[in-house]
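**Q** Mind folding the following:
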Amino acid sequence: MKNVDLGKIKRAHFVGIGGIGVSAIARMMILERKIVSGSDVSDSAIIDELRKIGAKIFIGHKADNIADDVDLIVYTPAVAADNPELKKAIKLSIPMFSYPEMLGLISKNKYIIAVSGTHGKTTTTAMIAKIVMDDGLNPTVIIGSLFKESGSNLILPKDDYKAEDKNIFIVEACEYKRSFLNLEPNILVITNIEEDHLDYYKDLSDIQNAFIEFASKLGPDDYLICNPNNKNLIPVVKSAKCKVIDYSLSSLRNSVPKLTVLKLKVFGKYNIENAKAAFVVSEILKIKKEKILKSLSEFEGVWRRFEYKGKIKNDAEIYDDYAHHPTEIRAALRAACLKFSNRKIIVVFQPHLYSRTKLLFDDFAKSFRDANEVIIAPIYAAREEEDKSINSRMLTDEINKDGIKAKFYRDFSEIEKYLRQNVKKDDIIITMGAGDIYKVGENLIKK
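**A** So this is what the prediction gives:
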């Protein structure tokens, strides 16, 4: 791995600073009193928060965004190789690190708890963080969302850090482009494995091989926490040389089932599974069962994970969820049906990436069966160029063929107008997707 003395860095520039991971490193460096600048393609709430604490942010990528005295570049893995800022950094011989490489650097020599998987890793990471902090430990935490209490994706140890805290580093570990291989975990949670990021991976087997490689970093005294009976995890578990703990059928079986009757503030069967994994990790850290259960019962979730946003004028309620994969959509809507029985559920979905929409098209079309009505926004391209062979109208037509009422609208203003005119009292509106669809709900509440 590349190396750099972070203590000597005075001025850092972040390419893609609005990204949920990159922004955490930027925030960390600002708090360390370094001069921070950055760029992104558009503004966002995350960028606004960085501005407030001192970052200089450019909208749009240009070579001129990089000052001559910048001594470190950090970039998102989603940025193109021909990005003008990266090209200038190469010309000036400025050290460059991707976000995953920076994670590897800042977590070096720490006791790493890494949470990975296709779904559930953000919430599980946040649950573990809350339990650990409630117990008085002093971790560093980076998650792929925002903590509700602080509005931040970063937690740093307090000044009264003690050696016995083990210098714990709790981190959400993303599999995209094998990013998580930059980490050297002591405890690894794998929530599940499914087909995703197929713009990078060839197939499920390729994804499993990445997780096998990640799990191979665990030694005999380390831990793999998972459900080894999940068919997609079996190859990973078979190859592991560490201690493997099934979070539902472990030596903690007398404690873990209590979570099925524990009244969590966050709902959904999947959150019970997330809580079980967090429970086992906390037990490994020798936190008492009673404290773990208390922390979990108080956990309120994180930004964009079935987050209650408010009501609009006619008292229809708005929720927002990050679900952008068919499995996540089904799980979120099943939970919504159980919680809001006998109420109309309207989903406003923004597909994320042309490649994901195209490769999982049939599965997406069948994911909305627990909704009463589906509104589809244009595809959020993110890092991709437009692919004219796939679009949201096609997905809308396919959802209608599956027997669910679906409509396509060209932009957010059209969606907002339709909802203002058509939703009724007690309706539930769920904005859903990994892009900026949450703005629809926020705009409706403002107006």
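**Q** Just to check, residue 372 is in contact with residue 423?
**A** No. At 11.1 Å, residue 372 does not count as touching residue 423 under the criterion of Cβ atoms under 8 Å. Glycine gets a C-beta too; all of them are placed from N, C-alpha and C.
**Q** Which residues are in contact with each of the two?
**A** residue 346 (Cβ atoms under 8 Å, 6 or more residues apart in numbering).
**Q** quick one, which of the two is more surrounded?
**A** residue 423 (22 against 15; other Cβ atoms under 10 Å).
**Q** Look up the closest residue to that one, ignoring the ones flanking it.
**A** Of all residues not flanking residue 423 in the chain, residue 316 sits nearest, at 4.4 Å (Cβ to Cβ, 6 or more residues apart in numbering).
**Q** what does the longest helix that the chain contains rub up against?
**A** Counting by DSSP state H, the longest helix found in the chain is helix 269-284. Helix 269-284 is touched from outside by 113, 115, 119-120, 123-124, 127-128, 131-132, 135, 187, 189, 191, 223, 225-227, 245, 247-248, 250, 252, 255-256, 259-260, 262, 264, 289, 292-293, 296, 299, 331, 334-335, with contacts defined as Cβ under 8 Å, 6+ apart.
**Q** Narrow those to those in helices?
**A** Using DSSP H, those in helices are 123-124, 127-128, 131-132, 289, 292-293, 296, 331, 334-335.
**Q** what about the stretch 51-200 of the chain, any weak spots by pLDDT?
**A** Applying pLDDT under 70 to the stretch 51-200 of the chain flags residues 159-166.
**Q** which residue ranges form the helices in it?
**A** 84-91, 99-106, 121-134 (DSSP state H, counting those that start in this stretch).
**Q** neighbouring contacts of the second one?
**A** The list of residues contacting helix 99-106 from outside it, by Cβ under 8 Å, 6+ apart, reads 1-4, 6, 19, 21-22, 25, 28, 74-77, 97, 140, 142, 169, 171, 174, 177, 179-184.
**Q** okay, that helix in PDB with CA atoms only?
**A** C-alpha atoms of helix 99-106 as PDB (Å, rounded to 0.1, in the frame of the first residue of the first chain):
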ATOM      1  CA  TYR A  99     -11.000   7.000  -0.400                       C
ATOM      2  CA  PRO A 100     -10.500   3.200   0.300                       C
ATOM      3  CA  GLU A 101      -6.700   3.700   0.400                       C
ATOM      4  CA  MET A 102      -7.200   6.600   2.900                       C
ATOM      5  CA  LEU A 103      -9.300   4.300   5.100                       C
ATOM      6  CA  GLY A 104      -6.500   1.800   5.100                       C
ATOM      7  CA  LEU A 105      -4.000   4.600   6.200                       C
ATOM      8  CA  ILE A 106      -6.100   6.100   9.000                       C
END
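**Q** Domains of the protein: list them as residue ranges, please.
**A** Listed by automatic domain parsing, the domain ranges of the chain are 6-98, 107-298, 307-446.
**Q** Next one: residue 128 from residue 227, what distance?
**A** Separation of residue 128 from residue 227 (Cβ to Cβ, to the nearest Å): 17 Å.
**Q** More neighbours: which of the two?
**A** Using other Cβ under 10 Å as the criterion, residue 128 and residue 227 rank with residue 128 on top: 29 against 18.
**Q** Looking at the closest residue to residue 124 other than its chain neighbours now. What's its pLDDT?
**A** Among residues not flanking residue 124 along the chain, residue 274 sits closest, at 4.4 Å (Cβ to Cβ, 6+ apart). If you check residue 274, the pLDDT there is 93.
**Q** Can you get me a residue count around residue 274?
**A** The number of residues packed near residue 274 is 32, by other Cβ under 10 Å.
**Q** what do you get for the one 5 residues further on?
**A** For residue 279, the tally of surrounding residues (other Cβ under 10 Å) stands at 28.
**Q** Go ahead and confirm residue 358 touches residue 389.
**A** Yes. Using Cβ under 8 Å, residue 358 is in contact with residue 389, at 6.9 Å.
**Q** And these two? Which one has more around it.
**A** Shown here are residue 358 and residue 389; by other Cβ under 10 Å, residue 358 has more neighbours (19 against 8).
**Q** Next, the more buried one: secondary structure please.
**A** The local conformation at residue 358, judged by DSSP: H, G, I helix; E, B strand; the rest coil, is helix.
**Q** Can you give me every residue that contacts it?
**A** 387, 389, 390.
**Q** With residue 191 as the reference, measure out to the second one.
**A** Think residue 389. The gap separating residue 389 from residue 191 is 32 Å, by Cβ to Cβ.
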